[in-house]
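Asker: just need the structure, nothing else, for what follows:
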Amino acid sequence: MKSFVSLAKPAPGDRVAVVSPSAALPGLFPHVHELGLARLRGVFGLEPVEYPTTRQFGASYEARARDLTAAFADPGVKAVLCSIGGEDQIGLIRHLDPAVFAANPKPFFGYSDNTHLHNLLWRLGVPSFYGASTMVQLGMPSGMHDLTVASLRTALFASGDYEVRAAAQFTDVELDWADPSNLERDRPMEPNQGWFWDAPDGIGAEGVLWGGCAEVLMGILMAGQHIPADSDLDGVVLYLETSEVLPDPFLVGYLLTAMGERGWLDRFAAVLVGRPKAWAFDKPNEPETRAAYRKAQREAIINAVRRHHPALPVVQNLDFGHTDPQIVVPSGGWATVDPGAGSIRFTY
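Answerer: Okay, the predicted model is just below:
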């Protein structure tokens with residue numbers, strides 16, 4: 001099984017980088033960005049450090065690569081957090097020198113398009129943390145969710161086991177950032193159905209976590225960028241989620257079908273799936289439509305996995321990825337999945 005280095009964690013008072021390796025939305029919505037930075041200081045006691053492209057919308061790949069490299073290379077910066085995701089990080093990866101990141105490992109936080117960077121670090125044996133962008137989770141209107149704060153605090157400062165719990169309520173409905181008054185409003189919440197287990201033989205599993213956003217993983221596999229070696233995926237627990245693009249459930253199932261044909265589903269120890277986002281500004285779906293979309297994705301995933309593996313444990317509707325509250329997933333960390341106890345534990 002692939003091995004990973006141990007990371008030094010930041011402590012309250014430390015400097016942490018805030019970078020925009022994908023979309024520099026802090027430049028378009030500075031009031032949201034400033035709220036996230038204020039909570040980074042006030043809730044977590046960390047001092048954010050910005051870089052030239054953190055608020056520079058449309059910055060070149062070369063400029064973004066320089067900032068990301070500088071953040072990792074600076075020994076005075078104890079962690080790196082992304083402001084948000086985006087859709088073009090696939091073009092950034094070739095501008096990065098992997099040796100710099102291997103020589104300067106430190107906690108890296110982000111999700112969605114930042115799957116590219118998580119995957120690069122994973123290949124280098126550097127663990128990272130899938131979740132917690134400064135403009136979304138830290139800049140949450142009205143206030144951060146307790147589950148989000150607890151998970152992020154553990155990922156930032158602690159080591160050891162963390163019991164994953166299902167949120168009682170969640171949301172994937174957004175408020176328009178163009179209206180600053182929305183930062184004072186609560187987002188509409190809905191009851192959570194809990195986790196959906198599919199473990200036919202009832203046997204538990206454990207292993208190193210690898211994965212990310214399904215749409216981005218498709219791009220990584222297509223471009224051939226730092227694809228994990230087949231042998232490195234032996235015993236891995238795949239974590240998978242989808243974005244605000246709201247991809248057709250068929251595409252998510254087809255990705256898993258392709259992984260099955262590649263032989264990866266025979267190597268994985270388990271599959272964990274984040275609750276799919278089912279609302280977007282261009283698709284403001286009603287609750288019934290959102291529920292039907294989530295159900296269709298769950299069924300597509302199970303059908304794809306079961307075509308290739310009769311008993312691989314699959315757990316869906318977890319609180320990670322494009323949903324709030326959000327649990328940070330320790331990519332390269334350890335997951336323990338116990339169907340009998342109905343429990344999941346991460347090791348940060």
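
Asker: and the lengthiest helix in the chain, how far out from the chain middle?
Answerer: If you go by DSSP state H, the chain has its longest helix at helix 287-308. Mean-position distance between helix 287-308 and its chain equals 20 Å (C-alpha atoms, centre = their mean, to the nearest Å).

Asker: kindly report the same for stretch 222-240.
Answerer: With C-alpha atoms, centre = their mean, you get 16 Å for stretch 222-240.

Asker: same question, stretch 178-188
Answerer: Mean-position distance between stretch 178-188 and its chain equals 24 Å (C-alpha atoms, centre = their mean).

Asker: mind checking the pLDDT average for that stretch?
Answerer: If you average the pLDDT over stretch 178-188, you get 96.

Asker: cool, stretch 58-76 as well?
Answerer: Rounded mean pLDDT across stretch 58-76 is 98.

Asker: thinking again about what came up before, going on from the longest helix of the chain, what's the next piece of helix or strand?
Answerer: Moving toward the C-terminus from helix 287-308, the next helix or strand (DSSP states H and E) is strand 314-318.

Asker: so what touches that following strand?
Answerer: If you take C-beta atoms under 8 Å, 6 or more residues apart in numbering as the criterion, strand 314-318 is touched by 164, 166, 192-199, 270-275, 294, 298, 301-302, 305, 327, 337, 344. Every C-beta, even on glycine, is put in place using the N, C-alpha and C of the backbone.

Asker: mind listing what's buried in the longest helix of the chain?
Answerer: Using 16 or more other C-beta atoms under 10 Å as the test for burial, helix 287-308 gives 290, 293-294, 296-298, 300-302, 304-306, 308.

Asker: which elements pack onto the longest strand along the chain?
Answerer: When the chain is parsed with DSSP state E, its longest strand is strand 205-213. Judged by 3 or more C-beta pairs under 8 Å, 6 or more residues apart in numbering; DSSP states H and E, the packing partners of strand 205-213 are helix 115-123, strand 237-241, strand 270-274, strand 329-331, strand 334-338.

Asker: dump these to TSV, plus distance to residue 147 and mean neighbour count.
Answerer: Output for the helices and strands packed on strand 205-213, formatted as TSV (distance: least, C-beta to C-beta, whole Å; neighbours: other C-beta atoms under 10 Å):
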stretch	distance to residue 147	mean neighbour count
helix 115-123	21	24
strand 237-241	16	25
strand 270-274	14	26
strand 329-331	13	27
strand 334-338	18	20
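
Asker: with mean pLDDT as extra columns, can I get these in TSV?
Answerer: Output for these, formatted as TSV (pLDDT from 0 to 100):
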stretch	mean pLDDT
helix 115-123	98
strand 237-241	98
strand 270-274	98
strand 329-331	98
strand 334-338	98
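
Asker: quick one, which of those is nearest to residue 228?
Answerer: helix 115-123 (6.3 Å; C-beta to C-beta).

Asker: ok, residue 28 - contacts?
Answerer: So residue 28 contacts 57, 177 (C-beta under 8 Å, 6+ apart).

Asker: so which residues of the chain form helices?
Answerer: 30-42, 61-73, 98-103, 115-123, 146-157, 214-223, 249-261, 264-267, 287-308.

Asker: want to throw those helices into JSON lines with distance to residue 5?
Answerer: Putting these into JSON lines (distance: least, C-beta to C-beta, whole Å) gives the following:
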{"stretch": "helix 30-42", "distance to residue 5": "25"}
{"stretch": "helix 61-73", "distance to residue 5": "13"}
{"stretch": "helix 98-103", "distance to residue 5": "9"}
{"stretch": "helix 115-123", "distance to residue 5": "10"}
{"stretch": "helix 146-157", "distance to residue 5": "16"}
{"stretch": "helix 214-223", "distance to residue 5": "22"}
{"stretch": "helix 249-261", "distance to residue 5": "27"}
{"stretch": "helix 264-267", "distance to residue 5": "23"}
{"stretch": "helix 287-308", "distance to residue 5": "31"}
